[in-house]
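Engineer: coordinates only, no sequence provided:
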């Protein structure tokens, strides 16, 4: 079994209100060392496929078709093999 | 500068409707090899601190106070040193 970890980052320059508000809230709580906060979405996808290459191709296709919006998102994919 | 990557997973047994619906949507799009999808939240936090230990302690405190809900979440923290 292969597990794909897909992190959907926002592209540089795209507004990240969740990140900005989290930074503000951390500062209000007294955390004064915070330089920046960026928020992302993360999916862990378990796949029944035979090879890492096959898993990567499938998940790249999934990202394009459903998980990410190419206008604003920058998906990063990591594939790990896991003993079922 | 240190960068903390905080992944806020749901604890085992906590309902994950976003993950379940993503799995359903992938199946409707023809991806038949998907065994499971889990959704998580991800924060990338840049910190102006002197050591990895200090960064880890701060971010662990942030998780408890703001980022994660200990009843349903399982935060995982990775600290990286970055040249500013």
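Structural biologist: Ah, there it is. This is a predicted model, so every value here is computed, not measured. Numbering: from 1, shown residues only, chains lettered A, B, ... in the order given.
Engineer: make it CA atoms for all contacts and neighbour counts henceforth
Structural biologist: Noted.
Engineer: can you pull up the most central residue in chain A?
Structural biologist: residue A:7 (1.4 Å; Cα atoms, centre = their mean).
Engineer: wait, that one touches residue A:40, no?
Structural biologist: Yes - taking Cα atoms under 8 Å as the definition, residue A:7 is a contact partner of residue A:40 at 6.7 Å.
Engineer: which residues do these two both contact?
Structural biologist: residue B:42 (Cα atoms under 8 Å, 6 or more residues apart in numbering or on different chains).
Engineer: up against chain B, what does chain A have?
Structural biologist: A:7, A:19, A:25-26, A:31, A:33-49, A:58, A:62, A:66 (Cα under 8 Å from any Cα of the partner chain).
Engineer: which of these count as buried?
Structural biologist: Among the residues of chain A next to chain B, those classed as buried by 16 or more other Cα atoms under 10 Å in any protein chain shown are A:7, A:19, A:26, A:31, A:34, A:36-49, A:58, A:62.
Engineer: mean confidence score for the host helix or strand of residue A:27?
Structural biologist: Assigned by DSSP states H and E, residue A:27 belongs to helix A:17-28. Across helix A:17-28, pLDDT averages out at 98.
Engineer: strand partners of the longest strand anywhere in chain A, parallel vs antiparallel please.
Structural biologist: When chain A is parsed with DSSP state E, its longest strand is strand A:34-47. When pairs are called by DSSP bridges, strand A:34-47 turns out to pair with strand A:2-10 (antiparallel), strand B:34-47 (antiparallel).
Engineer: helix or strand right after it?
Structural biologist: By DSSP H and E, the next helix or strand past strand A:34-47 is helix A:52-62.
Engineer: residues in contact with that next one?
Structural biologist: A:2, A:4, A:47, A:49, A:77, A:79, A:80, A:81, B:26, B:31.
Engineer: can you pull up the bridge partners for the residue nearest to the centre of chain A?
Structural biologist: Beta-bridge partners, per DSSP bridges, of residue A:7: residue A:42, residue A:76.
Engineer: report the contact partners of it.
Structural biologist: Contacts of residue A:7 by Cα under 8 Å, 6+ apart are A:40, A:41, A:42, A:43, A:75, A:76, A:77, B:42.
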